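Colleague: here is my input; please provide its structure:
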Amino acid sequence: MATIAKLANNKYYATGKRKNAIARVTIKPGKGKILINGREMPEYFKRKMLELKVVEPFEVTETMGKFDVEVNASGGGLAGQAGAVRHGIARALTAFNLELRPPLKKAGLLTRDSRVKERKKYGRKRARRGFQWTKR
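Modeller: Numbering: from 1, shown residues only. The predicted structure is shown next:
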């Protein structure tokens, strides 16, 4: 399936990514219900900050409560999944209406955040942290 597409019966599909998380997002006109992996958003993302991050595309485009969202999120942690859902919702909104693209682009919601964890190097404790050095 394409990363951004219009499906049958007025549904719009997009894929969002952040860190190692992938979110497959389907939006359709509705009452503003957001389901993530079959659970309500406050039940899935237990922190208010993550919920605010997810609904940001709707706030920017002033479409809060006008779409029902179904998400299949996998990989990464909760913060990465929240970012992936936000990215997917923003892309799905552009599939719904291209006139919503400029405000989403200006807010930076269409850009995939490419920051990922740096790999651990040999001879070090973590990616950059070395072992403690003792003089004597």
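
Colleague: so what pLDDT did residue 5 get?
Modeller: According to the prediction, residue 5 has pLDDT 83.

Colleague: secondary structure of it: a strand, I assume?
Modeller: Yes. The assignment for residue 5 by DSSP: H, G, I helix; E, B strand; the rest coil puts it in a strand.

Colleague: list the beta-bridge partners for it.
Modeller: Beta bridges link residue 5 to residue 13, judged by DSSP bridges.

Colleague: neighbours of it, how many?
Modeller: Neighbour count for residue 5, taken as other Cβ atoms under 10 Å: 14. C-beta: built from backbone N, CA, C; applies to glycine.

Colleague: again with the one 3 residues further on
Modeller: Residue crowding around residue 8 was assessed by other Cβ under 10 Å; the count is 5.

Colleague: what separates it from residue 91, distance-wise?
Modeller: Computed with Cβ to Cβ, to the nearest Å, the distance linking residue 8 and residue 91 is 19 Å.

Colleague: over to residue 115?
Modeller: 19 Å.

Colleague: which helix or strand contains residue 32?
Modeller: For residue 32, there is no enclosing helix or strand under DSSP states H and E.

Colleague: how would you label residue 123: helix, strand or coil?
Modeller: Per three-state DSSP, the secondary structure class of residue 123 is coil.

Colleague: got the phi and psi for it?
Modeller: phi 80, psi 10 (degrees, to the nearest 10).

Colleague: mind jotting down where the strands sit in this protein?
Modeller: 4-7, 11-18, 21-29, 34-36, 39-40, 67-74 (DSSP state E).

Colleague: got the contact list for the closest residue in space to residue 15 that isn't next to it in sequence?
Modeller: Spatial nearest neighbour of residue 15, chain neighbours left out: residue 3 (4.4 Å); criterion: Cβ to Cβ, 6 or more residues apart in numbering. Residues near residue 3 by Cβ atoms under 8 Å, 6 or more residues apart in numbering: 14-15, 91.

Colleague: counting neighbours, which of those comes out on top?
Modeller: Among the contacts of residue 3, the one with the most neighbours (other Cβ under 10 Å) is residue 91, at 26 neighbours.
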